[in-house]
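In: I'd like to go over a predicted model; first the sequence, then the structure.
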Amino acid sequence: MQRNLRVVSLSGLDGGDESDPCAGVPILRELGLRRGTLIADTYRIVRPLGAGGMGVVTLAHDEPLDRDVAIKFVRPELFEHQNLRELFCIEARAMARVSHPNVLAVHAFGEHFGTPFFVMEYVDGPTAEQWLERRAGPADIDEVLRILEQACRGVEAIHAASTVHRDLKPSNLLIDSSLRVAVSDLGVARILAGTGGTDPTCIVGSAAYMAPEAALGDDSKPELATRRDVYALGCIAYELLAGRPPFIAPTDMGLMAKHLFELPPPISSLRPDLPPGYDDVLLRALEKDPHKRWRSVTALRGALERAHSGEESPARILIADDDGDWSTLLHDALAPRFPDAQIDVVSDGEQAIAAFERNPYSVVLVDLQMPEIDGMKLTAHLRSLDASDHTPIIVMTAAGGPGEWRRLAQIGADAFLVKPVAFEDVAMQIHRTMKSRHRRA
């Protein structure tokens, strides 16, 4: 049976006038909130900060403690939607579960004449979206990595509290004057350990940063739930580095279709000055299949750090060999040596070509003697693809010698190993050829 789906998106807006900035915001007028209104005998309203799909946020002054705070009120028109009102309460509980310098702190929760609100830490600075808009040119890579590293740590803390954010985007990352980042707006967060949740007929999140499974309304599996946040962080990283999101479309439905069916341009095509490892890191973060993404935000953060430092470590490894026993042994040997890498195994050259053309790999391990398309033909075909410029091809065989290696080197193979080979030598060759291939490319 077809469901009627609603997309809940939190977007900001500004309003106000000089005499009373609150008067220019319809939501605040409906709530009867003006500059100077005292909330809970403690917080005096100063001015609006923004409004979104769930509510309105105002700057207020905590008079007993003499500090500025931010207060979020639910939108009046949502009162009739009990599930969305519950979302507002879930946000307060979700944020209160986390105590971390990179997650916005919650101070209090209450009601003002029947309108729920919660009081948060006030961050005096732009969102990551505003920070990027103010750049005259490409954002500084070091600064972007500093923002991303903190955003990842904040989301890691949210996940450690058994909560998934589900609406990560640049406008939900607040940046203060010292470049400290605070993750905010858990308005559509889901507490995995609790019984609460969102309406199953409601697609939640923002279309420009929504994982494919979320767009399909199929992100309920607890073991994969956090990977929609990995996907969103991949979109954010892409946008901060490239100056534009991975997908662009005029409508939300168009955006979600691109997330479902299209691959983003490699970020190196938009930002050639980036170290080569970023392509692999971000393409894996933006995998359509959540099983193939970075297994955690921690793994994504580590991969970004390695790409930034120039450390050569593969994100995706392809093994093409018709000997199933050897392929299994090689896969099981490489997995602990490259714990963050996705390792795929195919049994012939045709499957290898199809897999590489769908999504390029960091390194390809090829058996020389395969039926139909052997290692020689496979190497030649892969080298004809522009996407293989940064990909080392390592050929392995139980037979062969200098003649084969000379021909393989001429068509673009990077190394030749004779079986049986020590798995440590394979790992060492992967590191070595990645470094030399990237340098040549």
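Out: Sure, I can see it. Numbers count the residues shown, from 1 in each chain.
In: residues contacting the spatially closest residue to Leu174 that is not a sequence neighbour?
Out: Distances taken as CB to CB, 6 or more residues apart in numbering place Val123 nearest to Leu174, at 4.0 Å, with adjacent residues excluded. All C-beta spots, glycine's among them, are computed from the backbone N, C-alpha and C. Applying CB atoms under 8 Å, 6 or more residues apart in numbering to Val123 gives the contacts Ala70, Leu104, Leu174, Ile175, Asp176, Ala182, Ser184.
In: go again using 10 Å as the cut-off
Out: Going by CB atoms under 10 Å, 6 or more residues apart in numbering, Val123 touches 49, 68, 70, 104-105, 173-177, 180-182, 184.
In: okay if I get these as CSV plus pLDDT, distance to Leu233 and neighbour count?
Out: CSV is the format used below for these (pLDDT from 0 to 100; distance: CB to CB, whole Å; neighbours: other CB atoms under 10 Å):
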residue, pLDDT, distance to Leu233, neighbour count
Leu49, 87, 24, 18
Asp68, 95, 29, 14
Ala70, 92, 23, 21
Leu104, 88, 17, 20
Ala105, 86, 21, 17
Leu173, 95, 10, 28
Leu174, 94, 16, 24
Ile175, 95, 16, 22
Asp176, 93, 20, 13
Ser177, 89, 24, 9
Arg180, 94, 18, 15
Val181, 96, 12, 25
Ala182, 94, 15, 22
Ser184, 86, 15, 24
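In: so which of the residues you listed is the closest to Lys258?
Out: The shortest approach to Lys258 among these belongs to Leu173, at 22.6 Å (CB to CB).
In: surely the closest one and Ile147 touch.
Out: Yes: here Leu173 reaches Ile147: they are 7.0 Å apart, a contact under CB atoms under 10 Å.
In: quick one, helices of the stretch 101-250 of the chain?
Out: For the stretch 101-250 of the chain, the helices defined by DSSP state H, counting those that start in this stretch cover 128-133, 141-160, 212-215, 222-225, 227-242.
In: pull out the buried residues from the second one.
Out: Looking back up the chat, that one is helix 141-160. Judged by neighbour count (16 or more other CB atoms under 10 Å), helix 141-160 contains these buried residues: 141, 144-145, 147-159.
In: ok so, going back, from the contacts of Val123, which land in strands?
Out: Counting by DSSP state E, the contacts of Val123 place Leu49, Asp68, Ala70, Leu173, Leu174, Ile175, Val181, Ala182 in strands.
In: which residue, other than its chain neighbours, is closest to the first one?
Out: Closest residue in space to Leu49, ignoring its immediate chain neighbours: Val57 at 4.5 Å, by CB to CB, 6+ apart.
In: the helix or strand containing the one you found - what's its average pLDDT?
Out: Per DSSP states H and E, Val57 falls inside strand 55-62. On average, the pLDDT along strand 55-62 is 90.
In: where does pLDDT dip in the stretch 51-200 of the chain?
Out: Applying pLDDT under 70 to the stretch 51-200 of the chain flags the ranges 52-54, 76-85, 87-92, 94-95, 186-200.
In: one more pass at 80, please.
Out: Low-confidence segments of the stretch 51-200 of the chain, defined by pLDDT under 80, span residues 51-55, 74-97, 114, 185-200.
In: the strands in the stretch 301-441 of the chain, which residues?
Out: In the stretch 301-441 of the chain, the segments counted as strands under DSSP state E, counting those that start in this stretch are 316-320, 342-346, 363-367, 393-397, 415-418.
In: can I get those in JSON lines including distance to Arg244 and mean pLDDT?
Out: JSON lines is the format used below for those (distance: least, CB to CB, whole Å; pLDDT from 0 to 100):
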{"stretch": "strand 316-320", "distance to Arg244": "24", "mean pLDDT": "94"}
{"stretch": "strand 342-346", "distance to Arg244": "26", "mean pLDDT": "93"}
{"stretch": "strand 363-367", "distance to Arg244": "29", "mean pLDDT": "94"}
{"stretch": "strand 393-397", "distance to Arg244": "32", "mean pLDDT": "90"}
{"stretch": "strand 415-418", "distance to Arg244": "37", "mean pLDDT": "86"}
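In: any chance of TSV for those, columns mean neighbour count and distance to Arg293?
Out: Listed next are these as TSV, based on neighbours: other CB atoms under 10 Å; distance: least, CB to CB, whole Å:
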stretch	mean neighbour count	distance to Arg293
strand 316-320	25	11
strand 342-346	19	8
strand 363-367	26	19
strand 393-397	24	25
strand 415-418	18	29
